[in-house]
Structures are given as C-alpha cells and as structure tokens.
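Chemist: 3D, please:
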Amino acid sequence: MIKLPPSRVIITVAQTGALVTKAMNPHIPEQPHEIAASAYECYNEGAAIVHIHARDKDGKTTGSADIFRDIHEKIRRKCDIIIQDSTGGGANLTIEQRTECLDAYPEMASLNMGTLVRTMGEATGTPFMNTRADIEAFVKRMNQFGVKPEMEVYNLSMLQEVNILIEKGLIQKPYYVDLILGMAYQGALEANLMYFSTYLQYLHPDAMFNTLGVGVAQTTYATMGMIMGGAVRVGMEDNIYYRKGELATSNAHLVARIVRIARELGKEPATPEEARQILGMKSLKG
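Modeler: Sure, this is the predicted structure:
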C-alpha cells in the first residue's frame, strides 16, 4: 500500500448521510445552504474533502443532480475543498438515481464495492445492491466525467472487487480505498483491530487507504488510520455524538478534534490542493 507523507493527513468530513435525521441530532445539515455552510466550517478546521449526500425540501434522501449542483455551487463560492458525492444514496433510490449526482460534476464519488443486506431499521432485510456489473457501470460513468472513485469496502471480499477493477484497467493510480469498520446497519466488519490490520495486509501495493469507523469507533480508528499512514473520515453521517451521551454540535466540532490528535502525532491536515496532488487529481488552479 501507499502511505501518505509522514507529516500530512487527508481528512474527509461526511456531514449528512442517508440515515441520520434532525430528530436524531438537530445539528445535521440537510438543505444545500446548511451543507455548504457546514463544509466551509470544516474546511476552516482542516478538512480537505467533503463527502456529500443530498436531501430534498422534506429532508428525504435524493439523487437529484440539480440539488447536488446547488450544493456544489454554494460550496465553491466559499472554498476549494474537494467535493466528493455519494453514489450510495439511500434505500429509497434506484441504481439509476444513485448516479445522477455525477451530472453535477463532483471531483470524487463514492463507489460501493459489493452487495450488502440491511440489518436494521425500516429497510431491514432489503439488499443494498452493488453487483459486479453495477460497480463496473458506475466506474465507467465516473470515468466519463473525470471523477475519481473512492472505493468503499465493507468486508474483506470487497477487496477482490477492487483488484478486479485494477486488472481490467478501469481505475487509475493511486487507487483510493475506504476501509469501513462498525457499520452494523449494512453488515460491515465490526470495529476490531484484527480486522483493520487484515484489511491493510490485503491492500493493493498502489492503493492508498482511508479509515472509516462508525459510531463510537470513529475517533479510535481515525487515530489508528493516521498512525498507519492513511487518510481518515469523520463526521455526523457516521457518528452523531462527540462523546457518550453528548451530541456533536457540528461537523466542524468532529474535524477539529481529529486535527488536534493529528498534530499530537506530528501531522498537519493536508490542504485541498495538497490532497489533490497526493491523490493524483487535477488542480483547480489549472
């Protein structure tokens, strides 16, 4: 695997998600102006990438390219943070609707690397479909738009799907893999250090990794990810609490904490332009 420069860490903030509502945490940003304002706060704290889910006016998950475009435009008026849209969507979206965001021209987009079965909530027992054919169709569409995939891996078998895309020449170096631990809703590997270290053993030599711990595991695995040379993801999509019993008051609150920990480890948060260079992406400066 490829490690980040020892003095830098790339921080992604996932602000909204498809599942969390204001009833769970009133500080969740849902509408475009809220998402853009939150993204700017997180940028100021040190986030280089913002992972975006869109909601309609009623707060329901949507794949609407118009809403994603509105979010992008509002963010770009404020800062140059890397825009990464979700093609995971929500249980209410079709495969086709999940890729509509690409019409809004994000710089990056999530690419879910296998099918899962939802294990709780209203959608219990329904599949989160990501067949091999779906994955290849998604990534080919991303390539048409010049979008870098962030490959989301929920279990070890999905690393094989990453390798298949590499073998077929469908993705470009450096490959960017998001290692997910503790997402019980979608049946991901539990947050266990043995699983995390196993993930790292099987990463492709030309792959960089991002560490995503869900819920109480967020800060622990972000810290471990930095120690092991990876990028990290924090935010209220994955964890609505700052500590046990205390709701996070903002996404920036969670970014600021991981930046403090990074600096204790001798690392500075990469700027968006530094992150683009590290990830082999096109500069906004031309």
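Chemist: And the strands in the stretch 1-150 of the chain?
Modeler: Remark: strands assigned in the stretch 1-150 of the chain by DSSP state E, counting those that start in this stretch are 8-9, 11-14, 49-52, 54-55, 61-62, 82-85, 108-112, 116-117, 127-128, 148-153.
Chemist: what residues are up against residue 187?
Modeler: With contact set as C-beta atoms under 8 Å, 6 or more residues apart in numbering, residue 187 has these partners: 116-119, 154-155. Just so you know, the C-beta spots here come from the backbone N, C-alpha and C atoms, and that holds for glycine as well.
Chemist: Distance check, it against residue 217.
Modeler: Separation of residue 187 from residue 217 (C-beta to C-beta, to the nearest Å) stands at 15 Å.
Chemist: what do you get for residue 21?
Modeler: 21 Å.
Chemist: Identify the residue spatially nearest to the most centrally placed residue in the chain, adjacent ones excluded.
Modeler: Note on the chain: the residue nearest the mean C-alpha position is residue 51, at 5.1 Å, using C-alpha atoms, centre = their mean. Counting by C-beta to C-beta, 6 or more residues apart in numbering, residue 51 lies nearest to residue 14, which is 4.0 Å off, once chain neighbours are set aside.
Chemist: shouldn't that neighbour be in contact with residue 233?
Modeler: Yes. Assessed by C-beta atoms under 8 Å, residue 14 is found in contact with residue 233 at 5.7 Å.
Chemist: any shared contact partners between these two?
Modeler: Shared contacts of residue 14 and residue 233 (C-beta under 8 Å, 6+ apart): 51, 212.
Chemist: If you count surrounding residues, which of the two has more?
Modeler: Summary of the neighbour comparison: residue 14 and residue 233, criterion other C-beta atoms under 10 Å, with residue 233 having more neighbours (29 against 25).
Chemist: Name the SS class of the more buried one, please.
Modeler: When the structure is split into helix, strand and coil by DSSP: H, G, I helix; E, B strand; the rest coil, residue 233 lands in strand.
Chemist: Quick check: bridge partners of it?
Modeler: Each beta-bridge partner of residue 233 is listed here, defined by DSSP bridges: residue 12.
Chemist: Enumerate every residue touching it.
Modeler: Going by C-beta under 8 Å, 6+ apart, residue 233 touches 11-14, 51, 178, 210-212, 222.
Chemist: and it, how far is that from residue 176?
Modeler: Following C-beta to C-beta, the distance that separates residue 233 from residue 176 is 12 Å.
Chemist: same question, residue 95
Modeler: Counting by C-beta to C-beta - residue 95 and residue 176 are separated by 22 Å.
Chemist: same question, residue 183
Modeler: When C-beta to C-beta is applied, the distance between residue 183 and residue 176 equals 18 Å.
Chemist: So those two - more neighbours on which side?
Modeler: The residue with more neighbours, out of residue 183 and residue 176, is residue 176; 26 against 21, by other C-beta under 10 Å.
Chemist: What pLDDT is listed against the more buried one?
Modeler: In the predicted model, residue 176 carries a pLDDT score of 98.
Chemist: That one contacts residue 208, correct?
Modeler: Yes. A contact is recorded between residue 176 and residue 208 when judged using C-beta under 8 Å, the distance being 5.4 Å.
Chemist: intersection of neighbour lists for the two?
Modeler: Among the neighbours of residue 176, those also in contact with residue 208 (C-beta under 8 Å, 6+ apart) are residue 279.
Chemist: Spit out the contact partners of residue 53.
Modeler: Residue 53 neighbours (C-beta under 8 Å, 6+ apart): 15-18, 61, 86, 88-90, 237.
Chemist: whoops, I mixed them up, residue 35
Modeler: 15-16, 29, 52, 54, 71, 74-75.
Chemist: No further questions, thank you.
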